[in-house]
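>>> Give me a 3D structure for the following:
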Amino acid sequence: MNIQNLNPQELEQLQTLLNKMNPQPIEIDPVEKMIEGIIDNFDFNQVQHAMDLLDWKWRGEYVTVDMLKETAKQLLRGAMKSRLGEFKNEHYEMGIVNGTGGFEAKAWCDETKTKIVALDLKFILESWDESIEE
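Got it, this is the predicted structure:
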């Protein structure tokens, strides 16, 4: 095949086919990449095991690893949205927390308060806090 003999419409069709064969890489949102990194590395099986030992249920329902992962994603995205939304006026170094069912998701933003720079996920069995107001 000699591409020099192709008319403009045939050249356009050929270019379309070649583009489909060699797609451009899809850029992944950095925050979604952080969330996926947390989901891939967090030990949800260990959390489920602890919940089983404690007979810990959510809304009276047995908690599966899939439920844990989905809840973690929702909390991480919620912390991110809160940090860049309703808590945008807080000092940029302050992490914003979303939590439920033992999970605590935290998000931090950059100095300009325009992008998330760090996320954190914890599963907490016990916590205590006290302070003195001055």
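>>> only C-alpha atoms for contact and neighbour calcs from this point on.
Fine.
>>> Next, count neighbours for residue 112.
Residue 112 has 8 neighbours, counted by other C-alpha atoms under 10 Å.
>>> Wasn't it part of a strand?
No: going by DSSP: H, G, I helix; E, B strand; the rest coil, the assignment for residue 112 is coil, not a strand.
>>> Chain neighbours aside, what residue packs nearest to it?
Computed as C-alpha to C-alpha, 6 or more residues apart in numbering, the closest residue to residue 112 that is not its neighbour in sequence is residue 92, at 7.7 Å.
>>> gap between the one you found and residue 52?
Distance, residue 92 to residue 52, using C-alpha to C-alpha, to the nearest Å: 38 Å.
>>> I'd assumed residue 125 was in contact with residue 47.
No: with contact taken as C-alpha atoms under 8 Å, residue 47 and residue 125 are classed as non-touching, separated by 9.7 Å.
>>> contacting residues for the residue sitting nearest the centre point of the chain?
Against the mean C-alpha coordinate of the chain, by C-alpha atoms, centre = their mean, the closest residue is residue 35 at 2.7 Å. By C-alpha atoms under 8 Å, 6 or more residues apart in numbering, residue 35 lies in contact with 73, 76, 119.
>>> Who are the packing partners of the one helix or strand the last one maps to?
Taking DSSP states H and E as the criterion, the element that holds residue 119 is strand 116-123. Other helices and strands packing on strand 116-123, by 3 or more C-alpha pairs under 8 Å, 6 or more residues apart in numbering; DSSP states H and E, are helix 30-41, helix 65-84, strand 103-109.
>>> Relative to the last one, what are the paired strands and their orientations?
Pairing partners of strand 103-109, with direction, according to DSSP bridges: strand 96-100 (antiparallel), strand 116-123 (antiparallel).
>>> Export those strands as a markdown table, with columns for mean pLDDT.
What follows is these, written out as a markdown table (pLDDT from 0 to 100):
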| stretch | mean pLDDT |
| --- | --- |
| strand 96-100 | 93 |
| strand 116-123 | 95 |
